[in-house]
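Asker: Have a look; sequence and predicted model below, questions after that.
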Amino acid sequence: MAEFFIQKAFAFKLIPPSETTLTDSINDFIDLLERNNLKPVRLKDLGKEFNNMA
């Protein structure tokens with residue numbers, strides 16, 4: 001019985017973000033990168049050091 005209440009108390013649902021929320025988040029991140037003059041980094045450009053971390 002206690003397990004049931006514990007599961008109910010700590011239960012959560014993963015709900016995918018709406019398309020608008022996701023698009024807004026991506027655009028905000030792009031704006032941040034542009035404001036700070038940051039360029040994208042590709043995994044293949046990081047070289048062997050990054051690949052050995054996993």
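Answerer: On my side now, so go ahead.
Asker: Contacts for the helix or strand hosting Thr21, please.
Answerer: Here Thr21, judged by DSSP states H and E, is contained in helix 19-35. Residues outside helix 19-35 that contact it (Cβ atoms under 8 Å, 6 or more residues apart in numbering) are Pro17, Lys39, Pro40. Heads up, the C-betas are built off the backbone N, CA and C, glycines and all.
Asker: Distance from the chain centre to the helix or strand just after that helix, please.
Answerer: Downstream of helix 19-35, the next assigned helix or strand under DSSP H and E is helix 43-46. For helix 43-46, the distance from its own C-alpha centre to the chain's C-alpha centre is 19 Å (Cα atoms, centre = their mean, to the nearest Å).
Asker: quick one on the thing from earlier: what's the lowest-pLDDT member of the contacts of helix 19-35?
Answerer: Among those, Pro40 has the lowest pLDDT, at 72.
Asker: Run through the residues that contact that residue.
Answerer: Leu33.
Asker: That one and Leu22, how far apart?
Answerer: As judged by Cβ to Cβ, to the nearest Å, Pro40 and Leu22 stand 18 Å apart.
Asker: for Ile15, same thing?
Answerer: Plainly put, Ile15 is 12 Å away from Leu22 if you go by Cβ to Cβ.
Asker: quick one: low-confidence ranges for the chain?
Answerer: 1-2, 4-6, 8-9, 12, 48-54 (pLDDT under 70).
Asker: and with 50 instead?
Answerer: Applying pLDDT under 50 to the chain flags no residue at all.
Asker: tell me, how many neighbours does Gln7 end up with?
Answerer: Here the number of neighbours of Gln7 (other Cβ atoms under 10 Å) works out to 9.
Asker: same check, this time on Leu22
Answerer: Leu22 has 11 neighbours, counted by other Cβ under 10 Å.
Asker: coming back round to it: tell me the gap between the helix holding Thr21 and the middle of its chain.
Answerer: With Cα atoms, centre = their mean, you get 12 Å for helix 19-35.
Asker: likewise stretch 21-36?
Answerer: Using Cα atoms, centre = their mean, the offset of stretch 21-36 from its chain centre is 13 Å.
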